[in-house]
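In: kindly return the folded structure for what I paste below:
(2 chains)
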Amino acid sequence: MWQFFHKLGSPKWFFGIATRFMPWLLAAGLLLLAAGIVWGLGFAPKDYLQGNSYRIIFIHVPTAFIAQSIYIMMASAAVVTLVWRMKLADVFVKAIAPVGLVLTFLSLFTGAVWGKPTWGTWWVWDARLTSMLILLFLYGGAIALDRAIADEKSAARAVAVLLLVGVVNIPIIQYSVEWWNTLHQPSTFKLTEKPSMPAEMWVPLLLSVLGLYLLFGWLACLRMKTEILIREQKTRWVKELVLAGRG
Amino acid sequence: MHPIRKKRLTIVLFLVVGIAIAVGLITYALRQNINLFYDPTEIAAGNAPVDTRIRAGGMVEAGSVVRDTESLIVNFRVTDFAASVPVQYEGILPDLFAEGQGVVAMGRLNEQGLFVADQVLAKHDENYMPPEVAEALERSSKGQHKAVNAEKAAESATY
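Out: Numbers count the residues shown, from 1 in each chain, chains lettered A, B, ... in the order given. Have a look, this model is predicted:
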């Protein structure tokens, strides 16, 4: 297991693996996401109370879910950066932070668009919405901190510490709807219970979550490859790769 | 694992656990400020400040909605099935507002215990279902209700 872990730290090895997996991630991700969205928006039954406006759940939940799991992944990579000083962990953090930022923004935006017709307001300062806004600021802060420090290694460590400080926000987002009175409803998907919607609603929702996950995987690989090429531009394997590409 | 790495890992763990405890204590101390609204039990117990802008949340009590015929004033009661608070609101209610639905009202509690709201938001739960299922559910629950009533009627008839 440790051998695999150390191999994972090699940018060149990762570059090869990522190149091989990317087409599959893209194809499967697009397929699942398209299936989930078309099924959810076009064919799933409407809700007895909200009618068609509940359908934004098929976009809102995947973006919110993956925005949070990207943060967990970044915090795990931050531990690797601090403890093992692995370069690839920092490449990973740097590559996916903007993706997390965009997805968090999308979940807040779709939430506001959903909130207006159902609750009667775009925004309310309840615990769920506020903690999600803090997540947006954490993403923004991590990106800004990374840009602000010129030295690559110190930037990586500073960002890692910030990410670990912010990780406490993740359980707060998750359980905010249970710990406090909020306007936001509790989660539809629970780990221990059946989803609180029929299968013709939760299956498309699950498909779009999985599809967005795979698409995120593809995008992460793409952005990490770019970052690796920039960082390793002086090494022989990158020079050979570029020359082979040109020839 | 290398001793230096072990040491670093310990520091990281202490950092995360320490912050979790700190934030946990802060949010525990501020829980009343983090709660979006007071529930009717708290208001009935006198825990909510009078004549201060607060939010009250709960279910709209069935059969309590009275609409003024001359104006947009609506009176209803918000309940958590333990206590209930009378609410008065003037304006247009959100589409999801209905008896038996959750609401969060913002406004002031006056001396008489009437909650004068200037904003009413609808709250919905996490249960989604197609209209046919909802209808079927309602029919079956009403059916039960009827059966119980019939039983009661039969009982009283025998006395």
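
In: so the least confident helix or strand in chain A by mean pLDDT, near chain B or not?
Out: With mean pLDDT, DSSP states H and E as the measure, the helix or strand of chain A carrying the lowest mean pLDDT is helix A:2-8 (a mean of 73). No: judged by Cβ under 8 Å from any Cβ of the partner chain, helix A:2-8 stays clear of chain B, getting no closer than 8.9 Å. Glycine gets a C-beta too; all of them are placed from N, C-alpha and C.

In: just how off-centre is that helix within its chain?
Out: 24 Å (Cα atoms, centre = their mean, to the nearest Å).

In: any idea of the mean pLDDT for whichever helix or strand comes after that helix?
Out: Moving toward the C-terminus from helix A:2-8, the next helix or strand (DSSP states H and E) is helix A:11-38. Mean pLDDT, computed over helix A:11-38, is 94.

In: what residues of helix A:11-38 count as buried?
Out: Within helix A:11-38, the residues that count as buried by 16 or more other Cβ atoms under 10 Å in any protein chain shown are A:11, A:14-15, A:18, A:22, A:25-26, A:28-29, A:32-33, A:35-37.

In: isn't residue A:208 right next to residue A:64, touching?
Out: No: contact between residue A:208 and residue A:64 fails when scored by Cβ atoms under 8 Å: they sit 12.0 Å apart.

In: quick one: residue B:78 is in a strand?
Out: Yes: assessed by DSSP: H, G, I helix; E, B strand; the rest coil, residue B:78 belongs to a strand.

In: and stretch B:95-105, how far out from the chain's middle?
Out: 9 Å.

In: no, scratch that, I was asking about stretch B:75-85
Out: For stretch B:75-85, the distance to the chain centre is 10 Å (Cα atoms, centre = their mean).

In: mind listing what the nearest residue in space to residue A:235 that is not next to it in sequence touches?
Out: Leaving aside its sequence neighbours, residue A:235 sits nearest to residue A:12 (Cβ to Cβ, 6 or more residues apart in numbering or on different chains; 7.9 Å). Each residue near residue A:12 by Cβ atoms under 8 Å, 6 or more residues apart in numbering or on different chains is listed here: A:232, A:235, A:237.

In: in stretch A:177-195, what's buried?
Out: A:177, A:179, A:180, A:181, A:182, A:183, A:184, A:185, A:187, A:188, A:189, A:195.

In: where does the chain have low pLDDT?
Out: Picking chain A for this. A:1, A:246-247 (pLDDT under 70).

In: oops, I was thinking of chain B
Out: For chain B (pLDDT under 70), the answer is B:142-159.

In: just the helices in chain A please.
Out: A:2-8, A:11-38, A:57-84, A:87-118, A:127-148, A:152-166, A:169-179, A:199-231, A:236-246 (DSSP state H).

In: a markdown table for those, including distance to residue B:96?
Out: Shown next, in a markdown table, are the helices of chain A (distance: least, Cβ to Cβ, whole Å):
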| stretch | distance to residue B:96 |
| --- | --- |
| helix A:2-8 | 49 |
| helix A:11-38 | 25 |
| helix A:57-84 | 15 |
| helix A:87-118 | 6 |
| helix A:127-148 | 18 |
| helix A:152-166 | 34 |
| helix A:169-179 | 18 |
| helix A:199-231 | 18 |
| helix A:236-246 | 57 |
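
In: so what's residue B:117 up against?
Out: Here residue B:117 is in contact with B:56, B:87, B:88, B:89, B:105, B:106, B:107 (Cβ under 8 Å, 6+ apart).

In: could you do residue A:59 as well?
Out: Per Cβ under 8 Å, 6+ apart, neighbours of residue A:59: A:37, A:106, A:110, A:208.

In: distance-wise, check residue A:102 relative to chain B.
Out: 26 Å (Cβ to the nearest Cβ, to the nearest Å).

In: how many other residues sit next to that residue?
Out: 14 (other Cβ atoms under 10 Å in any protein chain shown).

In: so what's residue 56 up against?
Out: Just going to use chain A. So residue A:56 contacts A:110, A:113, A:114 (Cβ under 8 Å, 6+ apart).

In: look at chain B instead
Out: B:37-40, B:43, B:48, B:78, B:85, B:87, B:104-105, B:107, B:109, B:115, B:117.

In: quick check: bridge partners of it?
Out: residue B:38, residue B:105 (DSSP bridges).

In: distance check, residue B:121 against residue A:76.
Out: Distance, residue B:121 to residue A:76, using Cβ to Cβ, to the nearest Å: 37 Å.
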